[in-house]
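J.: Sequence plus the predicted model coming up.
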Number of protein chains: 4
Amino acid sequence: MKIDRMQAFSDGVYAILITILVLDFKVPDYQAGHLLLALFKQWPTMFAYIISFLYIGTIWLFHHDFFQTLKKTNASVNVINLVMLFSVTLIDFPTALVANTLISKNSADMQVAFIYYDFVALFISFTFAWLYTYVRKHPELTTMKANQKRFYAAIKYDPVRSVSIYGVAILMTFISIWVGAMLLLAGIIYHFIAYLRLSYSIRHVFIFGEGPDRRNK
Amino acid sequence: MKIDRMQAFSDGVYAILITILVLDFKVPDYQAGHLLLALFKQWPTMFAYIISFLYIGTIWLFHHDFFQTLKKTNASVNVINLVMLFSVTLIDFPTALVANTLISKNSADMQVAFIYYDFVALFISFTFAWLYTYVRKHPELTTMKANQKRFYAAIKYDPVRSVSIYGVAILMTFISIWVGAMLLLAGIIYHFIAYLRLSYSIRHVFIFGEGPDRRNK
Amino acid sequence: MKIDRMQAFSDGVYAILITILVLDFKVPDYQAGHLLLALFKQWPTMFAYIISFLYIGTIWLFHHDFFQTLKKTNASVNVINLVMLFSVTLIDFPTALVANTLISKNSADMQVAFIYYDFVALFISFTFAWLYTYVRKHPELTTMKANQKRFYAAIKYDPVRSVSIYGVAILMTFISIWVGAMLLLAGIIYHFIAYLRLSYSIRHVFIFGEGPDRRNK
Amino acid sequence: MKIDRMQAFSDGVYAILITILVLDFKVPDYQAGHLLLALFKQWPTMFAYIISFLYIGTIWLFHHDFFQTLKKTNASVNVINLVMLFSVTLIDFPTALVANTLISKNSADMQVAFIYYDFVALFISFTFAWLYTYVRKHPELTTMKANQKRFYAAIKYDPVRSVSIYGVAILMTFISIWVGAMLLLAGIIYHFIAYLRLSYSIRHVFIFGEGPDRRNK
């Protein structure tokens, strides 16, 4: 399997997923002349949309920069990648649930929706931890040589940290929905910051093999 | 027609199909405070989603690795490929039917839904059998040379076996829905195992022409 | 604008369009135990799906092989291509209308649905005629040299013939819906045959420039 | 991050977005025999579809030609691009709102729908202004050398002009919906003309680096 085509397929899934999120926006039922009010009541849909767009966008950037460090793939990486894509596609539904329960404002339902989202986020971070661990044990797949150890020393705890944040978010949501929601948000923002660090590491610290370097110029 | 672009188009169809499966998840109608229960009742949707995601993902991997052994395409391969893509897009609807009938629990309807899914799976396996047969008779399309015979000896019965499994699944569903459903599941898992074997064959047993090899390094 | 990326974008639109056609399949309302009957009543959805899938697939193959003869693009080709993609995306809706009116069986409505489909098909063929004419007048865009004249002599009337078939189909639908529907079907099958001829012409009659040829080997 | 893959991802989002616009066409509720009338009443859906298709198509051409002048990307460009894609995906919903309010004909609701569309258009133009400004300050990202100044002198005010047009459109919509709507339309047509100018500038005035040029031949 060529690494190029696997990335193209994955990019396709990310592009589709991030775009079909807009299908959550539905023309509301409203009385003639009261569209503005009806749209304002939809604010959670916009809010959930912004968060999930940022989240999927960040995961895509992550996925992208990480696969750039690989020079080939194998059946195991293909399967891990498929599980990862599966986990990411799950974001769509809890996004709609969070928006809906924020509109209907029932706390028990909001709790369920946030915990659902938390579990999906935890699952996604777990698949990244799995991929990092697998690739670290198979250095023959990467374009990095001596620097691989330092690279993984820098990033290896990122997925574990994410899993922990979402784990705590789940627990806290039982006590306070809003604290739990803040932790979920913090987790997503943490991903974004971790991406910037990963991107920096890849560009400035490591020497690449011929493949990606040739194209980058 | 360049083989690259045909693969890109096919990859696009697979990526879209695997992603729009998530549209089957719909916010359920529920009484305020009872979202959790409503979601648990949706378990067949999640179950059918997991199976169909695994199934389409496996077919994509298959399609991908197989086309990697081709160096060019012609009008016949284009038409077979289009029929194959057509057969795969049909998975979406019986996935929804299986989920729905598992929720409503009427045995006659479940039978119909499973047999529909079986027929689609049988059709997909048939298109693979068609493609294998065609390519075996046109060795000028492949990058394999002397090894082609051995390669096809290893894989040629895979689609026939799949067709048989689904054929038996259809018959058994008339006697027992659950035995039929188990056979359908077994067929999908068999695909996955067959993919791992195909992937192994391609990588370890055969010598490729210049095309794919150059990129794989 | 690189010709490669314009093709990639167009391929994306075709892949999405051909795949979202499946969203027309909706779980029917049915009484418990009568799913089979409800599905049989949906036969026009399957029928319209098969026709539109074949149609879009054929147009994609056409688009693809034709753009393979171009070595560069310009603002005019970009605009013509965008209009062409626009015309193709319109197929989705009359497909649903044809399916719906065949289910409800009102002749006046069927007439409307078929004529709508005819007009879209006529529009698509018109955009192909426009593209052929433009490219014929700008030989600097193509990879063909001396052979261009012969190439266009072979294919130039294809879009005009299509436009005529759909024009007659529209007129006939006022007299007999079924004769009109047969003509529409004939037009789509004609496209498919014309594609096979175009594909043959490109491969066997003409000498290509360096670009596509290098990749085809 | 390779510039190629970022463009591929962006192209994917544009292709999906422009194609799922067709999902706004829904089979109307109609009395048997009155489909034609029901379809005529849907004219605003077609109208809004044409405008948004033209708009997204133009933005894609813009995005495309602009990124062709870049030879590499960095984390900032990635983030700006993600915000830009986010802004463009927002077009889908106000398209549906404009169509719906034109059908129901309540002026207060039409005002809301047009202003929503205006704000999205203003946001999109703002992200282009942001990108232009960033790239102008980071000439190391582009393939242009001495000509960069002249290039930006020619195009730098385009996004500012767009922002102004949409700003005025918002204000005018409070006074007269139709004047506001005309301004929105004028803004979209202005984009199209600005694209033709940009495309001309890139092709005729500037000398590119090796990358894009090699492929253009």
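T.: Okay, I see it.
J.: and the residue of chain A found nearest chain B, helix, strand or coil?
T.: When scored by CB to the nearest CB, chain A has A:G12 as its residue closest to chain B, at 3.2 Å. Where you see a C-beta, it was placed from the backbone N, CA and C, and this is true even at glycine. Here A:G12 is recorded as helix under DSSP: H, G, I helix; E, B strand; the rest coil.
J.: For it, list the residues it contacts.
T.: Contact analysis of A:G12 by CB atoms under 8 Å, 6 or more residues apart in numbering or on different chains lists B:11-12, B:15-16, B:19, D:12.
J.: could those be laid out in TSV, adding pLDDT?
T.: Shown next, in TSV, are the contacts of A:G12 (pLDDT from 0 to 100):
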residue	pLDDT
B:D11	90
B:G12	90
B:A15	92
B:I16	93
B:T19	92
D:G12	90
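J.: ok, the residues you listed vs chain C, which is closest?
T.: Using CB to the nearest CB, B:G12 is the member of the contacts of A:G12 that lies nearest chain C, at 3.3 Å.
J.: Now that closest one: closest residue in space that isn't a chain neighbour?
T.: C:A15 (3.3 Å; CB to CB, 6 or more residues apart in numbering or on different chains).
J.: Please apply the same query to A:H191.
T.: A:T58 (4.8 Å).
J.: ok, now how distant is that neighbour from D:L131?
T.: Distance of A:T58 to D:L131, given as CB to CB, to the nearest Å: 19 Å.
J.: same deal with A:I59?
T.: 23 Å.
J.: do the same with A:F93
T.: With CB to CB as the criterion, A:F93 and D:L131 are 33 Å apart.
J.: now A:L183: how far from chain C?
T.: A:L183 is 36 Å from chain C, where distance means CB to the nearest CB, to the nearest Å.
J.: Give me the more crowded residue out of A:I59 and D:L131.
T.: A:I59 (26 against 21; other CB atoms under 10 Å in any protein chain shown).
J.: Local confidence estimate at the more buried one?
T.: pLDDT for A:I59: 92.
J.: Can you tell me the closest non-neighbouring residue to it?
T.: Spatially, and ignoring its direct neighbours in sequence, A:I59 is nearest to A:V88 (5.9 Å; CB to CB, 6+ apart).
J.: How about the contacts made by the residue nearest to B:G12?
T.: Per CB under 8 Å, 6+ apart, neighbours of C:A15: B:9, B:12-13, B:16.
J.: got the residues of chain A near chain C?
T.: Chain A has residues A:I16 near chain C, with proximity defined as CB under 8 Å from any CB of the partner chain.
J.: how close does the residue nearest in space to the middle of chain A sit to C:Q7?
T.: In chain A, the C-alpha nearest the mean C-alpha coordinate belongs to A:I59, at 3.7 Å (CA atoms, centre = their mean). A:I59 sits 28 Å away from C:Q7, going by CB to CB.
J.: Then A:V98?
T.: 39 Å.
J.: who has more neighbours, those two?
T.: Between A:V98 and C:Q7, counted using other CB under 10 Å, the more crowded position is A:V98 (24 against 21).
J.: helix, strand or coil for that one?
T.: When classified by three-state DSSP, A:V98 comes out as helix.
J.: before we move on, what SS does the residue nearest to A:I59 have?
T.: helix.
J.: ok, it - contacts?
T.: Listed by CB under 8 Å, 6+ apart, the contact partners of A:V88 are A:13-14, A:17, A:56, A:59, A:124.
J.: Look through every helix and strand of chain A and give the one with the lowest mean pLDDT.
T.: helix A:210-216 (a mean of 37; mean pLDDT, DSSP states H and E).
J.: Hmm, A:T95 and A:Y116 touching each other?
T.: No. Using CB atoms under 8 Å, A:Y116 makes no contact with A:T95, being 9.9 Å away.
J.: Have a look at those two and say which one is more surrounded.
T.: A:T95 (24 against 21).
J.: List the buried residues in the longest helix anywhere in chain A.
T.: Longest helix of chain A, by residue count under DSSP state H: helix A:107-137. For helix A:107-137, burial by neighbour count (16 or more other CB atoms under 10 Å in any protein chain shown) applies to A:109-129, A:131-132, A:135-136.
J.: for the closest residue to A:A32 other than its chain neighbours, phi and psi?
T.: Among residues not flanking A:A32 along the chain, D:N106 sits closest, at 4.4 Å (CB to CB, 6+ apart). Backbone torsions for D:N106, taken as degrees, to the nearest 10, come to phi -90, psi 120.
J.: Look up how far D:V179 lies from D:N106.
T.: 18 Å.
J.: Of the two, which one has the most company?
T.: A count of neighbours by other CB under 10 Å puts D:N106 above the other of D:N106 and D:V179, at 18 against 13.
J.: was I right about that one contacting A:L36?
T.: No. Using CB under 8 Å, D:N106 is not in contact with A:L36, being 11.1 Å away.
J.: hang on, the earlier thing: the residue nearest to B:G12 sits in which helix or strand?
T.: Taking DSSP states H and E as the criterion, C:A15 maps to helix C:3-20.
J.: got it, and A:D158?
T.: helix A:157-175.
J.: Would you tell me which residues of chain A are close to chain D?
T.: Remark: the part of chain A in contact with chain D comprises A:7-8, A:11-12, A:14-16, A:18-23, A:25, A:27, A:30, A:32-36, A:39, A:50, A:53-54, A:57, A:60-61, A:64-65, A:68, A:195-196, A:199-200, A:203, A:212, A:215-217, using CB under 8 Å from any CB.
J.: Got a PyMOL select line for the buried ones in the residues you listed?
T.: Applying 16+ other CB under 10 Å to those leaves a buried subset, and the PyMOL line that selects it is:
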select buried, chain A and resi 7+8+11+12+14+15+16+18+19+20+21+22+25+27+30+35+36+39+53+54+57+60+61+64+65+68+195+199+212+216
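J.: Establish whether stretch A:171-178 and chain B are in contact.
T.: No. Using CB under 8 Å from any CB, stretch A:171-178 stays clear of chain B, coming no nearer than 12.7 Å.
J.: ok so, going back, got the angle between the helix holding C:A15 and helix D:3-20?
T.: If you take axes from the mean of the first three to the mean of the last three CA atoms, to 10 degrees, helix C:3-20 sits at 40 degrees to helix D:3-20.
J.: How far away from the center of its chain is stretch A:118-128?
T.: Centroid separation for stretch A:118-128 versus its chain: 8 Å, with CA atoms, centre = their mean, to the nearest Å.
J.: touching chain B at all, that stretch?
T.: No. Contact of stretch A:118-128 with chain B (CB under 8 Å from any CB) is absent, the minimum separation being 11.4 Å.
J.: Averaged pLDDT, that stretch. What do you get?
T.: Stretch A:118-128 comes out with an average pLDDT of 94.
J.: Kindly format the C-alpha coordinates of the strand or helix carrying A:P94 as PDB.
T.: Using DSSP H and E, A:P94 sits within helix A:92-104. Extracted as PDB, the C-alpha positions of helix A:92-104 are listed here (Å, rounded to 0.1, in the frame of the first residue of the first chain):
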ATOM      1  CA  ASP A  92     -20.800  14.000  14.100                       C
ATOM      2  CA  PHE A  93     -23.600  12.500  16.200                       C
ATOM      3  CA  PRO A  94     -22.600  13.800  19.700                       C
ATOM      4  CA  THR A  95     -22.200  17.200  18.100                       C
ATOM      5  CA  ALA A  96     -25.900  17.100  17.200                       C
ATOM      6  CA  LEU A  97     -26.800  15.700  20.600                       C
ATOM      7  CA  VAL A  98     -24.900  18.500  22.500                       C
ATOM      8  CA  ALA A  99     -26.600  21.200  20.300                       C
ATOM      9  CA  ASN A 100     -30.000  19.600  20.900                       C
ATOM     10  CA  THR A 101     -29.700  19.200  24.600                       C
ATOM     11  CA  LEU A 102     -28.400  22.700  25.000                       C
ATOM     12  CA  ILE A 103     -31.500  23.900  23.200                       C
ATOM     13  CA  SER A 104     -33.900  21.800  25.300                       C
END
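J.: can you list contacts of that helix?
T.: A:17, A:20-21, A:24, A:41-42, A:44-45, A:47-49, A:51-52, A:109-110, A:112-114, A:116-117, A:120, B:22, B:25, B:27, B:32, B:35.
J.: Thanks a lot, catch you later.
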